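Asks: Predicted model, plus sequence, below.
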Protein chains: 2
Amino acid sequence: MAELRSEVVVVGGGLIGLATAWRLAADGIQVTVCDPTPGSQTSSVAAGMLAPVTEVEYGEDALLALNLAGVAAWPAFAEELEAVTGLPAGLHRTGTLSVAYDADDAAALHRLADYQRRLGLEVEQLTGRETRKREPLLASGVTAGVWVAGDHSVDNRQTVAALLRAVELTGVQLIRQRVVRVLTTGTTAVGVELDNGDTVLAPHLVAAAGPWTAQLDGIPAELRPPVRPVKGEILRLQVPKAYRPALNHTVRATARGFSVYLVPRPGGELVVGATTSELGYDTRVLAGGVFALLRDARMVLPVIDELELVETLAGLRPATPDNAPVLGASGLDGLVWATGHYRNGVLLTPITAQVIAETVRTGVLPELAEPFLASRFRSHGGRPQGAPEEVPKVVR
Amino acid sequence: MAELRSEVVVVGGGLIGLATAWRLAADGIQVTVCDPTPGSQTSSVAAGMLAPVTEVEYGEDALLALNLAGVAAWPAFAEELEAVTGLPAGLHRTGTLSVAYDADDAAALHRLADYQRRLGLEVEQLTGRETRKREPLLASGVTAGVWVAGDHSVDNRQTVAALLRAVELTGVQLIRQRVVRVLTTGTTAVGVELDNGDTVLAPHLVAAAGPWTAQLDGIPAELRPPVRPVKGEILRLQVPKAYRPALNHTVRATARGFSVYLVPRPGGELVVGATTSELGYDTRVLAGGVFALLRDARMVLPVIDELELVETLAGLRPATPDNAPVLGASGLDGLVWATGHYRNGVLLTPITAQVIAETVRTGVLPELAEPFLASRFRSHGGRPQGAPEEVPKVVR
């Protein structure tokens, strides 16, 4: 049982953890990332939409500001990542089209467009005909559209591969073990214990284990972030050459009240997502989820029927009571949170890495991240407000 | 480039080829099977229904007689295979329930039951309530059922594994190469040429390459069997312990005019099949096929939504103009056909192996197989009647 040392330990090698480690290591800081299977979980399952405007929800204004900063941070991040690694970072600046199927879907889309405009966001309303002009293979039943030029997408698997290369090139130590416990002395976190019994001691810890952050032992119950797993299933389809490109832009659709999105990638891949289910740490792909995605996707894009179903996947989004991430001070000295990104993990990867790296380096959380402190869930030191009684378990 | 010799060469290591090889080798005959990937194609994709009664089609009486002999041959075949190998042969004698969803489906089911009775087959008509009593998880919308005690199922992957072991134990030589050509001298077949340039010479050849039989070079065009590939997609689901057994018997359903079948296996697997498409040698699983199977299956068995979708598969059925197999004399001395089994390959494996082995040993085709000679497709020596102009190619 070895006792290792590092300046920073990052718990979790998903997009957030890897990007944060890279930022720190690029500044000459000695970083260790612990993850049994880096990049393989939620980060590789995500569809990679960068859609703060298209996906805005009523009443999530603080999150919207962060998400907009997130999309703005992507081009420079991608450029630097590509320069360092020589690999594609995966950013595709194609814009996003929201479409509506029936009259009720169109009414909801128009209400949302009004709200988006009141928030000062740039959206362009289209008729059904104008919508199909941009995407000719959309069903003739599509009645309305909204064009958002600034919402893009990322091939998140490319980002994962580039980040794994980037951390390697900057000398980050990657330990393929699970962190089972945070080690503390009084109110100070001093390191982590791994699955194999080894320990890694460090004055700075970043907990970026997504939905598994809630499972870290050694942290007082009242300080644990209220992060729970929300399963999402997605499909990866392949467009045959004869039908390419089936879509030119990311399409987010509402079809008879159901939401579905379709993210095209260069090379003919089309990602269809995503379901939402509260089943604890369960990553089985259920037949009902696949059925619902196909039902909704083929309603707006009938050529779906002719595409090869290459892969079905499920991942766990790290959700919080207010759908916004948990960033910064944990209540234990030396330990900061970088978790709870829910549906915005890919979008917020560059900005989170920047914010958390700065916090570790300077001890000060940038102002942008202040609304996302874990303390917002605590009223008077007890269980976080709005947190579930306990993190859900697999129910079957 | 080696020149090998054998008493019999079997072209194709699917269920039919392997079982025939095993029958011959068990009689002390030296057999060579050539297949690049034995057991991996249609034989492993099939759902394994043994359902001559449930699946009877109007006007296919000759085929029905063979299919009934097929199901009757299974128990002794399975028993011997298990005794020889110590492995499960995969036979499950559970009976089969045909169910109807709406009133039109019920009318069609009752018409078929009348026909089955006129053919002297044993079927029992059930009300919706009686049907659900046998299978409590069926949808309340199921309006009628027909119980067929003699229609069973086979876990075909178990059969493949047992047959691979059986041929090994009986000294069959398995060459993992594709046969590219049948070698002839005048009107006599004398051997095969393999992908790697090797040849295997033998006085007896059995062509059991399923839909690929039509692609064998070296055989005069007018003698080639009119076998074409008909794609079928199936799903493999896993029933969680809490819901087991989701089904006790094989269920064949008609749901709003669409046919779907559900084959339960011990251990919680549930196979859902199958689509039918004429797309040549194309084994892509299309999203539209998966959608249709899920749509129909969940209509009659709603719990489908909660089952894990473990695998999606596509295989190529070897179809003929009259849906019956092609057995016996090819028109070339020394070469016999054992192909064209369409949807009945698993069902007809034991009986075909028996018939073909006897033909090779004695030179005489058993009477049972006479209706299935390739010559039925030839009127006066020209292109087989009803055969397509050419075997379809992949169309996209």
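Replies: Received the coordinates, thanks.
Asks: State the helix or strand in which A:Ala76 lies.
Replies: Assigned by DSSP states H and E, A:Ala76 falls within helix A:61-85.
Asks: Quick check: buried residues in that helix?
Replies: Neighbour counts using 16 or more other CB atoms under 10 Å in any protein chain shown place A:63-64, A:66-71, A:73-74, A:77-78, A:80-82, A:84-85 of helix A:61-85 among the buried residues. (Glycine included, C-beta is placed from N, CA and C.)
Asks: Now do it: which elements does it pack against?
Replies: strand A:49-50, strand A:91-92, strand A:152-154, helix A:156-169, helix A:349-362 (3 or more CB pairs under 8 Å, 6 or more residues apart in numbering or on different chains; DSSP states H and E).
Asks: And it, how far out from the chain middle?
Replies: 13 Å (CA atoms, centre = their mean, to the nearest Å).
Asks: How about stretch A:85-102?
Replies: 14 Å.
Asks: what's the average pLDDT for it?
Replies: Mean pLDDT, stretch A:85-102: 97.
Asks: One more: stretch A:120-130?
Replies: Here the average pLDDT along stretch A:120-130 is 96.
Asks: residues of it that come out buried?
Replies: Applying 16+ other CB under 10 Å to stretch A:120-130 flags A:121, A:123, A:125-126, A:128 as buried.
Asks: Equivalent analysis for stretch A:21-29, please.
Replies: Quick answer for stretch A:21-29 (16+ other CB under 10 Å): A:21-26, A:29.
Asks: can you put these in a markdown table and add secondary structure and pLDDT?
Replies: A markdown table is the format used below for the buried residues of stretch A:21-29 (DSSP: H, G, I helix; E, B strand; the rest coil; pLDDT from 0 to 100):
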| residue | secondary structure | pLDDT |
| --- | --- | --- |
| A:Ala21 | helix | 98 |
| A:Trp22 | helix | 98 |
| A:Arg23 | helix | 98 |
| A:Leu24 | helix | 98 |
| A:Ala25 | helix | 98 |
| A:Ala26 | helix | 97 |
| A:Ile29 | coil | 98 |
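Asks: Could you pull up the contacting residues of the residue nearest to A:Leu18 when sequence neighbours are not counted?
Replies: Among residues not flanking A:Leu18 along the chain, A:Leu163 sits closest, at 4.0 Å (CB to CB, 6 or more residues apart in numbering or on different chains). By CB atoms under 8 Å, 6 or more residues apart in numbering or on different chains, the residues touching A:Leu163 are A:15, A:18-19, A:22, A:39, A:81.
Asks: Recalculate using a threshold of 10 Å.
Replies: Contacts here follow CB atoms under 10 Å, 6 or more residues apart in numbering or on different chains; on that basis A:Leu163 touches A:13-15, A:17-19, A:21-22, A:38-39, A:43, A:81, A:85, A:87, A:89-90, A:172, A:349, A:353.
Asks: A:Leu293: helix or strand, and which one exactly?
Replies: helix A:287-300.
Asks: what about that helix and chain B, touching?
Replies: Yes. Counting by CB under 10 Å from any CB of the partner chain, chain B has neighbours in helix A:287-300: A:287-295, A:297-298.
Asks: which helices and strands sit right next to the following helix or strand past that helix?
Replies: Moving toward the C-terminus from helix A:287-300, the next helix or strand (DSSP H and E) is strand A:308-319. With contacts defined as 3 or more CB pairs under 10 Å, 6 or more residues apart in numbering or on different chains; DSSP states H and E, strand A:308-319 has these neighbours: helix A:42-45, strand A:228-238, strand A:269-273, helix A:287-300, helix B:287-300, strand B:308-319.
Asks: distance between the fifth one and the chain's centre?
Replies: Translated: helix B:287-300. Computed by CA atoms, centre = their mean, the separation of helix B:287-300 from the middle of its chain amounts to 22 Å.
Asks: same for that helix, what does it pack against?
Replies: Using 3+ CB pairs under 10 Å, 6+ apart: helix B:287-300 touches strand A:228-238, helix A:287-300, strand A:308-319, strand B:228-238, strand B:250-255, strand B:258-264, strand B:269-273, strand B:308-319.
Asks: now that helix against helix A:287-300, angle please.
Replies: 120 degrees (axes from the mean of the first three to the mean of the last three CA atoms, to 10 degrees).
Asks: coming back round to it: reformat the helices and strands packed on helix B:287-300 as a markdown table; add distance to B:Ala108, mean neighbour count and mean pLDDT.
Replies: Output for the helices and strands packed on helix B:287-300, formatted as a markdown table (distance: least, CB to CB, whole Å; neighbours: other CB atoms under 10 Å in any protein chain shown; pLDDT from 0 to 100):
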| stretch | distance to B:Ala108 | mean neighbour count | mean pLDDT |
| --- | --- | --- | --- |
| strand A:228-238 | 33 | 23 | 98 |
| helix A:287-300 | 25 | 23 | 98 |
| strand A:308-319 | 30 | 21 | 98 |
| strand B:228-238 | 21 | 23 | 98 |
| strand B:250-255 | 6 | 25 | 97 |
| strand B:258-264 | 10 | 23 | 97 |
| strand B:269-273 | 19 | 24 | 97 |
| strand B:308-319 | 23 | 21 | 98 |
